[in-house]
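Let's see this in three dimensions:
(one chain, ligands or ions: 1)
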Amino acid sequence: MLYAAGAADGDGAAPGAANAAGSAASKVYPIYTSVHVSLGVGADLSRRPHVLHVPCRIDSGGGRGATEVGLKHYCYEPSFAPPGKSVVRAMLVADYDWWKALRTRADGRAAYDAEKERIGAEVAALVEAHYPEARGKIEVVDVATPTTYERYCNAWRGTWMAWANTPGAKIRGVPATLPGLTHFYQAGQWLLLPGGLPVAVVTGKWAIQHVCRAEKVRFRP
Ligand SMILES: Cc1cc2nc3c(=O)[nH]c(=O)nc-3n(C[C@H](O)[C@H](O)[C@H](O)COP(=O)(O)OP(=O)(O)OC[C@H]3O[C@@H](n4cnc5c(N)ncnc54)[C@H](O)[C@@H]3O)c2cc1C
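The predicted structure is shown next:
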């Protein structure tokens, strides 16, 4: 017996009647994307708090201003940077449509690249302001935008998770089966709010359990 498993992706897997409500514009089923700035710093920040939430005024693109950002260092994992150096990252909630339009402009990528550079420089200045030992020691600045997530991960609208839970949300889960389609079980982050890796993994397990039940085979974890 042949079974198909679908890795449910946001575009097609919006929960049935909630398809329209699952659009990016929805307040009930919102999705989020971001500009992600990663910095290689030639200083050891391991004595600093793991995360600093700091006020800021950084436009993450299209006038969408961030008033606060979390600066996180990864010194707890020694393999992420050479001894005496640190990786720091900042994530700024961003507007997918604005970035998509900028990235695909007919006149080229200059404006897109300039925006990335501007945001990278502003975040680098913020890092230097809050970690004085990093001043003049930022060696690498890498900026990923919502279209980077889309390009590298095929993430729908650059989202990092599925729909966020909100008080008005009625749909918490989507069935693994589709009406009228036999031998098909879907798995993936869009089946259970708010998505993420744990949801993708557990729904994959559930899909296998469905197959085992249908085949009368004992599921062995
Ligand atoms: C930048 C970023 C950071 C993240 N950070 C975290 C984190 O810290 N913690 C966490 O829990 N989660 C995080 N996530 C989310 C996590 O990566 C996803 O929840 C997880 O990858 C979802 O797994 P999935 O199998 O449902 O979908 P995916 O991993 O998106 O896999 C779906 C696959 O289907 C393919 N596909 C899509 N459409 C079609 C089609 N029509 N035909 C054939 N193939 C198709 C895609 O190319 C893709 O390979 C992050 C995501 C991103 C983008």
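
From here on, just use CA atoms for contacts and neighbour counts.
Fine.

tell me which residues in the strand or helix carrying residue 53 are buried?
Assigned by DSSP states H and E, residue 53 falls within strand 51-59. If you call a residue buried by 16 or more other C-alpha atoms under 10 Å, then strand 51-59 has these buried ones: 58-59.

Run the chain-centre distance for that strand.
Here strand 51-59 is found 19 Å from its chain centre; the criterion is C-alpha atoms, centre = their mean, to the nearest Å.

remind me, longest helix of the protein?
With secondary structure taken from DSSP state H, the chain has its longest helix at helix 110-130.

list the helices and strands that helix packs on?
strand 33-41, strand 51-59, helix 96-103, strand 138-144 (3 or more C-alpha pairs under 8 Å, 6 or more residues apart in numbering; DSSP states H and E).

Tell me who's in contact with residue 143.
Contact analysis of residue 143 by C-alpha atoms under 8 Å, 6 or more residues apart in numbering lists 35-38, 116-117, 119-120.

Next, the contact list for residue 92, please.
Residue 92 neighbours (C-alpha under 8 Å, 6+ apart): 34-36, 60, 66, 69.

ok so, going back, partners of the strand holding residue 53 in the sheet?
According to DSSP bridges, strand 51-59 forms sheet pairs with strand 65-73 (antiparallel).

Enumerate the positions of the strand it pairs with that are buried.
Buried residues in strand 65-73, counted by 16+ other C-alpha under 10 Å: 66, 69-73.

any idea which helix or strand comes after it?
strand 86-94.

wait, does that next one make contact with the ligand?
No - shown here: strand 86-94 not in contact with the ligand (C-alpha under 6 Å from any ligand atom), separated by at least 9.9 Å.

Return that strand as PDB; C-alpha atoms alone will do.
Taking Å, rounded to 0.1, in the frame of the first residue of the first chain, the C-alpha atoms of strand 86-94 are listed here in PDB:
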ATOM      1  CA  SER A  86      31.400  36.000  20.200                       C
ATOM      2  CA  VAL A  87      28.400  35.700  17.900                       C
ATOM      3  CA  VAL A  88      25.600  38.200  18.600                       C
ATOM      4  CA  ARG A  89      22.300  38.400  16.900                       C
ATOM      5  CA  ALA A  90      19.300  40.800  16.800                       C
ATOM      6  CA  MET A  91      15.900  40.200  15.300                       C
ATOM      7  CA  LEU A  92      13.600  43.000  14.200                       C
ATOM      8  CA  VAL A  93      10.000  42.200  13.200                       C
ATOM      9  CA  ALA A  94       9.600  43.200   9.600                       C
END
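
Quick check: the gap between residue 28 and the ligand.
Counting by C-alpha to the nearest ligand atom, to the nearest Å, the gap between residue 28 and the ligand amounts to 19 Å.
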